[in-house]
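S.K.: pasting the sequence and the predicted coordinates here, then a few questions.
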Amino acid sequence: MLSVTMAGLNAAQKEMNVTSNNLANASTVGFKRSYANFGDVFSSDPAANPKTSVGSGVLTSSIARDTTAGALKTTGRVTDMAIDGRGFFVLDDGSGGLTYSRAGNFSLDVDGYVVDPGGYQACCVADGSLTTGTPEPLQISPTKTITTDGVDATYVLQGISIGSDGAVAATYSNSVAYDLGYIALATFPNDGGLKAIGGNRFSATGLSGDPTTSGAGAPNAGNIMSGALEQANVDITNELMDMIRAQQVYNGNARMLQTTVETVSRITDKL
């Protein structure tokens with residue numbers, strides 16, 4: 001009985017931990033909530049009578065991720081981007097290592113790279129169609145030098161535009177818009193198989209399958225919404241209800257543990 005009760009306590013604690021993490025990230029851009037899956041435990045003894053067998057408790061079978069999209073919030077900042085549909089932003093860690101994210105709270109660093117809050121560089125592709133090439137970090141230079149008839153003229157960045165297809169254009173003080181490529185999106189056979197590595201980033205695994213990289217709006221890829229951010233898909237009311245249920249389960253198992261200890265103590269005192 002003690003092992004069954006302890007299993008119940010551990011399972012309830014695990015669910016509370018998962019729920020607490022969801023609540024803690026309710027304001028985290030692009031966060032995807034998790035939930036615990038549990039399975040009952042029975043004896044594997046082939047001689048056990050199925051009519052009289054009693055379960056041996058519960059175990060945590062998996063911690064799964066809810067990959068449904070969160071609500072979109074308008075910010076008005078051009079470099080803030082949300083994905084309306086499937087896909088993940090492709091991020092370069094600065095040394096060619098790629099990770100993936102739904103959080104599009106980007107900005108320009110001092111070198112003109114489009115980076116997330118951790119300094120990872122958003123990648124682009126040369127065109128919006130499917131590509132087998134490696135996505136390259138997107139750089140929007142603060143200045144642009146144009147040579148005309150052997151004379152260099154330097155122009156200052158005036159504005160950036162990002163279309164729903166992910167097309168990025170930069171306009172300089174010569175009033176000319178220059179196309180820089182398309183924001184790269186990656187899609188996976190199984191989004192739920194991605195591994196969370198912190199900082200709103202994920203890495204590909206054998207369970208997620210290999211990424212397919214494209215521009216926005218390509219088959220299976222969503223559109224880009226510049227000036228907006230995807231919010232966490234955490235419903236605080238539902239999370240609190242899950243927390244209350246997990247607390248009740250924990251308290252029930254704690255009472256059972258106390259009763260078991262008291263019963264054993266009485267039996268021992270009589271011996």
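M.R.: Structure's in. What do you need?
S.K.: now do the strands in the stretch 51-200 of the chain.
M.R.: 57-65, 72-74, 81-84, 88-92, 98-101, 107-108, 114-115, 121-125, 136-137, 143-148, 151-162, 167-172, 177-187, 195-198 (DSSP state E, counting those that start in this stretch).
S.K.: those: which one's closest to Asn22?
M.R.: strand 57-65 (10.6 Å; CB to CB). In this view, the C-beta of every residue, glycine as well, is placed from N, C-alpha and C.
S.K.: mind listing what that closest one pairs with, with the direction of each?
M.R.: strand 34-41 (antiparallel) (DSSP bridges).
S.K.: got the buried residues for the strand it pairs with?
M.R.: Under the neighbour-count criterion of 16 or more other CB atoms under 10 Å, strand 34-41 has 34, 36, 38 buried.
S.K.: lowest pLDDT pick from those residues?
M.R.: Among those, Phe38 carries the lowest pLDDT, at 91.
S.K.: now do the contacts for that one.
M.R.: The neighbours of Phe38, taking CB atoms under 8 Å, 6 or more residues apart in numbering as the test, are 11, 15, 58-61.
S.K.: and Met16, helix, strand or coil?
M.R.: Of the three states, Met16 takes helix according to DSSP: H, G, I helix; E, B strand; the rest coil.
S.K.: please name the nearest non-neighbouring residue to it.
M.R.: Using CB to CB, 6 or more residues apart in numbering and skipping the chain neighbours, the partner closest in space to Met16 is Ala246 (4.6 Å).
S.K.: select, out of the strands of the stretch 51-200 of the chain, the one closest to Ser20.
M.R.: Among the strands of the stretch 51-200 of the chain, if distance is taken as CB to CB, the winner is strand 57-65, at 13.0 Å.
S.K.: what is the rounded mean pLDDT of the closest one?
M.R.: The model assigns strand 57-65 a mean pLDDT of 90.
S.K.: pLDDT at the closest residue to Leu157 other than its chain neighbours, what is it?
M.R.: Spatial nearest neighbour of Leu157, excluding adjacent residues (CB to CB, 6+ apart): Pro142 at 5.2 Å. Among the per-residue scores, Pro142 holds a pLDDT of 93.
S.K.: re the thing from before, give the contact list for the residue nearest to Met16.
M.R.: Applying CB under 8 Å, 6+ apart, the residues near Ala246 are 12, 15-16, 19.
S.K.: out of the contacts of Phe38, which comes closest to Ala216?
M.R.: Distance to Ala216, by CB to CB, is smallest for Ser61 among the contacts of Phe38, at 36.0 Å.
S.K.: now do the closest one against Asp92, distance only.
M.R.: Look at Ser61 and Asp92: by CB to CB, to the nearest Å, they are 35 Å apart.
S.K.: who has more neighbours out of those two?
M.R.: Neighbours per residue, other CB atoms under 10 Å: of Ser61 and Asp92, the larger number sits with Asp92, 21 against 11.
S.K.: tell me the contacts of that one?
M.R.: By CB under 8 Å, 6+ apart, the residues touching Asp92 are 98, 120-121, 123, 135-137.
S.K.: need the residues that contact stretch 189-206.
M.R.: In contact with stretch 189-206 (CB under 8 Å, 6+ apart) are residues 28-31, 64-65, 67, 86, 88, 91, 99-103, 116-118, 120, 188, 207-211.
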